[in-house]
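Enquirer: coordinates only, no sequence provided:
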RNA sequence: GGCCCGUUGGUCAAGCGGCUAAGACACCGCCCUUUCACGGCGGUAACGGGAGUUCGAUUCUCCCACGGGUCACCA
C-alpha cells in the first residue's frame, strides 16, 4: 500500500505499465546467433579512439552475424553536452566507415525502437521508475549536494566505504508523510535504487572477453533518476538495452565495477541482461609507466588528431583491427586486398588486458596501406587533406594533377612498392623538390667532394643529357662521365680497390642528385628526371654550378 | 583506503600441463643497390616474485609485488 501510494505521489502522470511499454517495442525476430549491438556515445563533441575500438567490435560482431548495429545517443547529461556534438559524432563515425543499420541520424531517427536519443525517452524511463517504486525497489532521496558531501567526509573519517548505503542512506526508510511534506515544499529529489545486496556476497559472472569473473555484490543505493527526471547511465542502459533488444553490450572495462549494479537492475526489472564484452583500456607510455589514454592530456586520443595528421582512415582501421584481433595481421598479410568483412572476427581473440597504443606500429601499418593504393587514390586523399590543412600546398599540388600523380607513381605498383608515406602531412616534404615553389638545396655536398669534379660532372651531364634516353642509355652516360673523371663506373671494381679511383659512379650520381633534387636522398633519379624535363634540370644544374 | 581487472622481449602479441617459448613493430648487422625506400638473410631481447598441485608448469591454485581501473544527480 505504502509503495503504491508513493509511486502515485512521485509519478502522478504515469499511467502506462512496463508491460504496455514493452509491447510497443517489437521483438526483432532475427535468426539464432544474430548479434544486436549498439554504439552509445555521449555527445560531448569529442570522438576518440576508444569509441572506435568499441564501435568496430560491435560493428564486426553484428554485421558478421547478420544482426543489427544501431546508434543511440546517450545525452542524459545536459551539462556536458556540446552544441552540434551529435552531428560531429555521426560524421566522424561515418568517416571511419561505421555504418548503422538503425538509430540516430543527422536528420532524426531511423528504426522502430526509437527515440534513439535518451532525453527524448524520459516518459519511458518514468514508467519503469514508477514500477520500481510500486514494487518497493526504489525510493526518493532529498539529500542536497552538501549533505552528500558530509556523508562522504564522515565515511572518510570513519574509514568506512564510500557511497549511499546502509546507515548512510538517510532517505531509505522515511515515512510517506515525510516525503509528502518535502514534495509539498517543492524540494528537488532523485530516485534511488533500493539495493538488497551485500558486500559479503560474491556473484559469479562470465564476460565474453574477461572470462569468468567473481565480483562483489552491490550494496549501494545508486541514483536511477536525477533531479531533472532524466535517468543516469545505469538506469537508461538497463531499460534501453532491454527494449531495444540488445544482445551484446561492448564497452570499456571501466564499467566492470558497476556491473553488479547493472545486473541487479535487470533482475529488478525482470529482464534478462545482455552478454557483455568489457574491453581493456588503451594505454600510453608516460615517462616510465603506462596509463590510460586521457582526454585532457593526450591529443592523440581524439580522432580528429589522426585526420589532421593525415592518417588514412583505412590505416587507423587496420591498426585497430590488429589490436582487437591478434591474428588479423597474419590474415591481412595473406590477403592484402581482401575487404575486412572477409576476416573472421572473434571476440575470443580479444585481449583482456589494456594495450599500449603504439604510434610507430600505426605508422608502419599506414605505410603498408598507402603503398598498396594507386597513385590516383593517393592523389585524391592528399588533395583532400591538403585542401583542409595546408591550402598553400594544395594549390601547388593540384595545379597539374597529372604531374602530381606521376610523382606519386614513382616506385608504386610493383611487387615491392616504395613505402615512403605514412601520413598525408609528410607528402609535401616528399614531393616538394618537384615544384619550383618549394625547391631549394636542402643538403649540401659532403666536405670531401671535389668541387671541380662536381662542376665537371654536372657540365658533362648537361651536354649529354637527352630525355629520349631510356634508363640504361641514361645511366651509361653517367658511367661514361664517371670514367672520364677518374671515378669508377663499376661498383665492384671500386669496392675491390677504392684507392685506385677518385670515387665511384655513386658519387657522380650524388653530384647530380643534389643539384636536381637538392637532397642526398631521393626516389629513382631516372624517373625524377623524366618528370622534371630537360629545361628544369639544366636550369638547376646551372644554378648550383654558379654557386660552387 | 574498499572493490575489481591485469602481468610472456622496448612495444603489440601467439601459447591454453611436456615447444630449441611463434610472428609483427622498433633496434642492430649483412646482402641487394647510383642514394633513399622496398626486399632478402641474420641478430639482441621475454614467461614479475614466492609457495603449492603434478612425473613435469608460461599454462592450474594460493600469497606477495607491480601496473591499471573504479568508488558522482558523468558517461
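Expert: In hand now; what should we look at? Here the structure is a predicted model, which is why all the values come from computation and not from measurement.
Enquirer: and residue A:114, how close does it get to residue A:107?
Expert: 13 Å (Cβ to Cβ, to the nearest Å). Every C-beta, even on glycine, is put in place using the N, C-alpha and C of the backbone.
Enquirer: who's more crowded, these two?
Expert: A direct count of neighbours by other Cβ atoms under 10 Å for residue A:114 and residue A:107 places residue A:114 higher, at 18 against 7.
Enquirer: what helix or strand is that one located in?
Expert: For residue A:114, there is no helix or strand it lies in under DSSP states H and E.
Enquirer: list the residues that contact it.
Expert: When contacts are counted by Cβ atoms under 8 Å, 6 or more residues apart in numbering, residue A:114 touches A:103, A:120.
Enquirer: all strands for the stretch 301-450 of chain A, in order.
Expert: Using DSSP state E, counting those that start in this stretch, the strands of the stretch 301-450 of chain A run over A:355-356.
Enquirer: how about the helices in it?
Expert: A:303-309, A:313-324, A:328-334, A:359-371, A:375-389, A:391-399, A:401-409, A:427-431 (DSSP state H, counting those that start in this stretch).
Enquirer: tell me which residues are up against the fourth one.
Expert: So the one you mean is helix A:359-371. A:300, A:311-312, A:314-316, A:318-319, A:322, A:378, A:412, A:417-423.
Enquirer: let's see it at 6 Å
Expert: A:311, A:312, A:314, A:315, A:318, A:319, A:417, A:419, A:421, A:422 (Cβ atoms under 6 Å, 6 or more residues apart in numbering).
Enquirer: of the residues you listed, keep whichever come out buried.
Expert: A:311, A:312, A:314, A:315, A:318, A:319, A:421, A:422 (16 or more other Cβ atoms under 10 Å).
Enquirer: so who does the fourth one touch?
Expert: It refers to residue A:315. Contacts of residue A:315 by Cβ under 6 Å, 6+ apart are A:365, A:366, A:369.
Enquirer: go with 8 Å
Expert: A:362, A:365, A:366, A:369, A:370.
Enquirer: let's see if you can find the most crowded of the residues you listed.
Expert: residue A:370 (28 neighbours).
Enquirer: partners of the lowest-mean-pLDDT helix or strand in chain A, with directions?
Expert: In chain A, the helix or strand scored least confidently by mean pLDDT, DSSP states H and E is strand A:289-292, which has a mean of 74. Strand A:289-292 has the following sheet partners, assigned by DSSP bridges: strand A:282-286 (antiparallel).
Enquirer: relative to helix A:359-371, how tilted is the partner strand?
Expert: Angle between the axes of strand A:282-286 and helix A:359-371 is 120 degrees (criterion: axes from the mean of the first three to the mean of the last three Cα atoms, to 10 degrees).
Enquirer: give the buried residues for strand A:282-286.
Expert: Within strand A:282-286, the residues scored as buried using 16+ other Cβ under 10 Å are A:282, A:283, A:284.
Enquirer: including distance to residue A:391 and pLDDT, could those go into CSV?
Expert: Formatted as CSV, the buried residues of strand A:282-286 follow (distance: Cβ to Cβ, whole Å; pLDDT from 0 to 100):
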residue, distance to residue A:391, pLDDT
A:282, 33, 86
A:283, 36, 83
A:284, 32, 80
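Enquirer: near RNA strand B too, which of these?
Expert: residue A:283 (Cβ under 7 Å from any atom of the strand).
Enquirer: tell me which parts of the stretch 151-300 of chain A are close to RNA strand B?
Expert: Residues of the stretch 151-300 of chain A found near RNA strand B (Cβ under 7 Å from any atom of the strand) are A:152, A:159, A:161-164, A:188, A:190, A:199, A:202, A:210-211, A:213-216, A:220, A:223, A:226-228, A:230, A:232-233, A:253-258, A:280-281, A:283, A:285, A:289-292.
Enquirer: narrow those residues to just the buried residues.
Expert: Listed as buried from those are A:163-164, A:190, A:210, A:213, A:215, A:220, A:223, A:226, A:230, A:232-233, A:253, A:255-256, A:258, A:280-281, A:283, A:292; burial here means 16+ other Cβ under 10 Å.
Enquirer: so what pLDDT did residue A:460 get?
Expert: Here the pLDDT value assigned to residue A:460 is 92.
Enquirer: residues contacting it?
Expert: A:481, A:484, A:485.
Enquirer: that older thread, check the contacts of helix A:359-371 one by one and keep those near RNA strand B.
Expert: A:417, A:419.
Enquirer: out of the contacts of helix A:359-371, which comes closest to residue A:548?
Expert: Within the contacts of helix A:359-371, the smallest distance to residue A:548 is 32.8 Å, found for residue A:421 (Cβ to Cβ).
Enquirer: re earlier: and the contacts of residue A:315 as TSV, adding pLDDT and distance to residue A:514?
Expert: Converted to TSV, the contacts of residue A:315 look like this (pLDDT from 0 to 100; distance: Cβ to Cβ, whole Å):
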residue	pLDDT	distance to residue A:514
A:362	92	33
A:365	94	33
A:366	95	29
A:369	94	32
A:370	96	27
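Enquirer: contacts only, for residue A:37.
Expert: Neighbours of residue A:37 in contact, by Cβ under 8 Å, 6+ apart: A:58, A:61, A:62, A:67, A:68, A:69, A:70, A:246, A:247, A:248, A:249, A:250.
Enquirer: in the strand or helix carrying residue A:494, what's buried?
Expert: Per DSSP H and E, residue A:494 falls inside helix A:491-496. Buried residues in helix A:491-496, counted by 16+ other Cβ under 10 Å: residue A:494.
Enquirer: backbone dihedrals for residue A:37, please?
Expert: When read as degrees, to the nearest 10, the backbone of residue A:37 gives phi -140, psi 180.
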